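A.B. asks: Structure, please.
(2 chains)
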Amino acid sequence: MSSPAITVRNLSKTFRLPEERRGTLRERLMKFHLRNEKKPRRTLDNLSFEVQRGEFFGIIGRNGSGKSTLLKILAGIYKPDKGGEVSIHGRIAPMLELGVGFNPELTGRENVFLNATILGLPRRQIEERYNEIVSFAELQDFMQLQVKHYSSGMSVKLAFAVAMQVDAPIMLLDEVLAVGDFVFAEKCFALFERYKREGKTIILVTHSASSMERFADRVMLIHESRLTAIGNPHEVLETYHKLG
Amino acid sequence: MASVSITLDRLYHLLIMSFDLAYKLRLFTTLTWTNFKMRYYGSILGYVWSLLKPLALFCVLYIVFTVYMKMTAPHYKLFLLLGIIIWEFFSQATMLGMMGFIGNYTLIRKVNLPRIILVASAVSSSFLALLVNLVIFGIFAIFDGLSWNIRMFWFFPLLLALYLLVLGIGLILSIIVVKVRDMISLWEVVIQLGFWLTPVMYPMSRVPAEWRFYLFLNPMSGILEYSRYLLVGLGGVTKMGFCYVLGISLVVFLLGILVFKWKESEMVEDL
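C.D. replies: Okay, here's the model as predicted:
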């Protein structure tokens, strides 16, 4: 019997958006006599699902459907509304964006150490794998150069090489990982394959139906804040395309 | 069987906790060091540039006070220099601490990291700069013929109090500034006023006696006055005043952590 890696029960997320943003003291003082109504906006509505250990779990949905909010809640960045329950069994490595914390003023080498530290790698491990990272990114000659002089392709490659070193039983991957040219996309897919072989639990958010069919064991469709369909990738993708 | 799984569970939690603590420590030191390096070694002259502002201020004030106003206290030079170094730390570190949250916008929205570390490392990088400046002060002091005294040891608890005070203020400001963006301009005014309302360039003894109590309510007054008594020998210190400074700094620090923990997750969504 398989055991769940992630259990989500009755998860809702409501943002309270003021009708008008008053970000400064001046604005507040000038309009203090007017009431600023806050409109609750439900971004996720009563989601319940489980992800099994070792499963490749895809999440699909239109822009603004609430996928990113769900990912941020799973990553622990946002807190769910009261009454919802999210339990994660095991260490989770969220990768919502490549190269977070990259500082353009620092050199490539310094950014590798900074970024890897933020992602949770101990310093000794970074040192051990440094050469591997550099050669994977194919940037041997540029490591002493400040990242602000990199092309966007170069910094993405470097960021990806660092992200590859992150090791956790549960991986949370946003579709940003699959941007870039086809060589790069193939590298991402090779990484997914490796994760799968290693028996990691993977949650992938993407718009790409083909990569869903290729990798995912199960797919979940979120539409207008609700869980609309979950299960066999082929069937869920069909439902998704019917949404139109 | 059940007991085995319980022990395993405990072991697992212990592992997670130690992993977490080690991660926080690594993150803190790496970010502090990066901030420090970026600010002071960005260019070869980075550190020299960072000294320019306080040094220029020092020169102007020194001329004004010794030539025009005939301040003749021994070691007045050191007295002034130490005051400016400490005040510079206060203004810079509170300002950087305030930006610790909104300045790391992208990081906070994409990684679940202990955000308190972002503020703490900003303040700590300034603190490292303060330590370097204190070494410079020490060299000045040797040339000025200041002699060693055992009471100088009491400066260290004061230094710790200063750090805690500034960290506490930075934490509180970093939360306020998310909602009230013009807090930045407001705080600049506070620092400007504080420079004159705190005994940075004049000793407390020059202040009318009936005002001193109110000035001492500001913990920075005590920190400046006492550290200069302890290191330079000008001014004085009372046991009660010293304890007040240590106590209030600790209170502000704890308050800062409380406010930050209380509002942190709400502010992440408002960022």
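A.B. asks: Next secondary structure element downstream of the helix or strand A:R9 falls within?
C.D. replies: In this structure, A:R9 sits in strand A:4-18 according to DSSP states H and E. Counting by DSSP H and E, the element after strand A:4-18 in chain order, helix or strand, is helix A:25-30.
A.B. asks: mean confidence for that following helix?
C.D. replies: Averaged over helix A:25-30, pLDDT sits at 75.
A.B. asks: Can you list the helices and strands that that helix packs against?
C.D. replies: Contact partners of helix A:25-30 among helices and strands, from 3 or more C-beta pairs under 8 Å, 6 or more residues apart in numbering or on different chains; DSSP states H and E: none. In this view, the C-beta of every residue, glycine as well, is placed from N, C-alpha and C.
A.B. asks: How many neighbouring residues does the residue of the stretch 151-271 of chain B found nearest chain A have?
C.D. replies: Residue nearest to chain A within the stretch 151-271 of chain B: B:D182 (4.3 Å; C-beta to the nearest C-beta). Neighbours of B:D182 under the rule other C-beta atoms under 10 Å in any protein chain shown: 14.
A.B. asks: List the contacts of it.
C.D. replies: Counting by C-beta atoms under 8 Å, 6 or more residues apart in numbering or on different chains, B:D182 touches A:24-26.
A.B. asks: about what we covered before: quick one: buried residues of the strand holding A:R9?
C.D. replies: A:4-6, A:8, A:11-13, A:15 (16 or more other C-beta atoms under 10 Å in any protein chain shown).
A.B. asks: Of those, which are in range of chain B?
C.D. replies: A:F15 (C-beta under 8 Å from any C-beta of the partner chain).
A.B. asks: interface residues of chain A facing chain B?
C.D. replies: A:15, A:23-26, A:28, A:72, A:75-79, A:91, A:94, A:96-97, A:100-101, A:103, A:105-106, A:110, A:113-114, A:117-120, A:122-123.
A.B. asks: Of these, select the buried ones using a PyMOL command.
C.D. replies: A single PyMOL command selects the buried members of the residues of chain A next to chain B (16+ other C-beta under 10 Å):
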select buried, chain A and resi 15+24+25+72+75+77+78+79+94+96+97+100+101+103+106+110+113+114+117+118+119+120
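A.B. asks: Inside helices: which ones of the residues of chain A next to chain B?
C.D. replies: Members of these lying in helices (criterion: DSSP state H): A:25-26, A:28, A:72, A:75, A:110, A:113-114, A:117-118, A:123.
A.B. asks: now the stretch 1-150 of chain B, which segments are flagged as low pLDDT?
C.D. replies: B:1-10, B:12-19, B:41-45 (pLDDT under 70).
A.B. asks: Show me the residue of it that gets nearest to chain A, please.
C.D. replies: B:N112 (3.9 Å).
A.B. asks: For the residue nearest to that residue when sequence neighbours are not counted, grab phi and psi.
C.D. replies: Excluding its sequence neighbours, the residue lying closest to B:N112 (C-beta to C-beta, 6 or more residues apart in numbering or on different chains) is A:G76, at 3.9 Å. As for A:G76, its main-chain torsions (degrees, to the nearest 10) stand at phi 90, psi 10.
A.B. asks: So A:G76 versus A:H89, what's the distance?
C.D. replies: Noted for A:G76: a distance of 14 Å to A:H89, by C-beta to C-beta, to the nearest Å.
A.B. asks: And for B:F242?
C.D. replies: For B:F242, the distance to A:H89 (C-beta to C-beta) stands at 52 Å.
A.B. asks: who has more neighbours, these two?
C.D. replies: Neighbour count, other C-beta under 10 Å: between B:F242 and A:H89, B:F242 has more, with 19 against 16.
A.B. asks: Isn't the more buried one up against B:S227?
C.D. replies: No - using C-beta atoms under 8 Å, B:F242 makes no contact with B:S227, being 10.6 Å away.
A.B. asks: Return every residue with contacts to both of these two.
C.D. replies: B:L158.
A.B. asks: which ones are touching the residue lying closest to B:V166 once chain neighbours are set aside?
C.D. replies: Distances taken as C-beta to C-beta, 6+ apart put B:A93 closest to B:V166, at 4.6 Å, once the chain neighbours are dropped. For B:A93, the contacting residues are B:122-123, B:126-127, B:130, B:166, B:170, by C-beta under 8 Å, 6+ apart.
A.B. asks: Can you name the next helix or strand after the helix or strand harbouring A:I203?
C.D. replies: With elements taken from DSSP H and E, the one containing A:I203 is strand A:201-205. Of the helices and strands lying after strand A:201-205 in sequence (DSSP H and E), the nearest is helix A:209-215.
A.B. asks: which residues are in contact with the helix or strand encompassing A:S68?
C.D. replies: In this assignment (DSSP H and E), A:S68 forms part of helix A:67-75. By C-beta under 8 Å, 6+ apart, the residues outside helix A:67-75 that reach it are A:6, A:8, A:11, A:13, A:43-44, A:47, A:59-61, A:78-80, A:86, A:88, A:92, A:94, A:96, A:172, A:174, A:203, A:205, A:222, B:109, B:111-112.
A.B. asks: can you check stretch B:27-42 too?
C.D. replies: A:103, A:105-106, A:110, A:113-114, A:117-118, A:123, B:46-47, B:50, B:96, B:113-114, B:117-118, B:120-122, B:124-125, B:128-129, B:132.
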